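Visitor: no sequence for this one, just the structure:
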């Protein structure tokens with residue numbers, strides 16, 4: 001048995017490291033959950049620690065889910081695009097941010113949101129169940145679902161055409 005088989009760093013941690021080393025956007029259509037797949041129903045936490053079933057939203061309306069972190073430079077770069085998309089599509093699309101549990105806590109996320117209020121719901125992926133279920137390769141990973149809960153888009157990085165992605169979902 002080799003050292004590599006004994007130690008396999010989590011896929012998300014490796015992807016975060018590789019994305020952090022590059023300033024060019026990475027396309028995610030070949031990464032993460034497959035386009036066309038049915039979105040998994042997973043439970044995350046509200047920022048006050050209560051369980052939230054994402055499945056209660058899936059299949060009712062189109063959704064945009066972003067895997068996000070307070071420390072993520074690509075997430076900060078994507079934020080204006082995300083907020084613009086939410087202004088345009090927020091009445092027809094459910095926007096959700098999932099704060100990953102890497103180098104941040106619910107308290108840190110709450111403090112960040114207090115200083116930077118966001119119009120969408122933000123939840124905490126305490127055990128990485130959502131990141132695992134959606135096969136999230138890194139933060140700044142966006143998944144768009146149509147109203148049936150089918151994945152119509154995945155994207156990664158600070159520059160994504162969210163408007164075109166959301167039009168696919170409507």
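Guide: That came through, no problem. This structure is a prediction, so every number in the text was calculated from the model and none was measured.

Visitor: please enumerate the strands of the chain.
Guide: Along the chain, counting by DSSP state E, strands occupy 43-45, 51-53, 63-68, 94-100, 121-125, 141-145, 151-156.

Visitor: report the buried residues of the second one.
Guide: Read that as strand 51-53. Neighbour counts using 16 or more other C-beta atoms under 10 Å place residue 52 of strand 51-53 among the buried residues. Every residue, glycine included, has its C-beta placed from N, CA and C.

Visitor: does anything pack onto it? Which helices or strands?
Guide: Using 3 or more C-beta pairs under 8 Å, 6 or more residues apart in numbering; DSSP states H and E, the elements in contact with strand 51-53 are strand 43-45.

Visitor: ok, residues contacting the strand it packs on?
Guide: Residues outside strand 43-45 that contact it (C-beta atoms under 8 Å, 6 or more residues apart in numbering): 51-54, 98, 106, 123-126, 129-130.

Visitor: which pair in those spans the largest distance?
Guide: Greatest spatial distance among those (C-beta to C-beta): 53 and 106, at 17.6 Å.

Visitor: name the surrounding residues that touch the longest helix seen in the chain.
Guide: Longest helix in the chain, counting residues (DSSP state H): helix 73-89. The contact list for helix 73-89 (C-beta under 8 Å, 6+ apart) reads 19-20, 25, 64, 66, 68-69, 93, 95, 118-120, 138-140, 142, 156-160, 162-163, 166, 170.

Visitor: give me the mean pLDDT for it.
Guide: In this model, helix 73-89 carries a mean pLDDT of 96.

Visitor: figure out how far that helix is from the centre of its chain.
Guide: Offset of helix 73-89 from its chain centre (C-alpha atoms, centre = their mean, to the nearest Å): 12 Å.

Visitor: what inclination does it have with respect to strand 141-145?
Guide: 30 degrees (axes from the mean of the first three to the mean of the last three C-alpha atoms, to 10 degrees).

Visitor: what angle sits between helix 73-89 and strand 63-68?
Guide: Here helix 73-89 runs at an angle of 160 degrees relative to strand 63-68 (the same axes, to 10 degrees).
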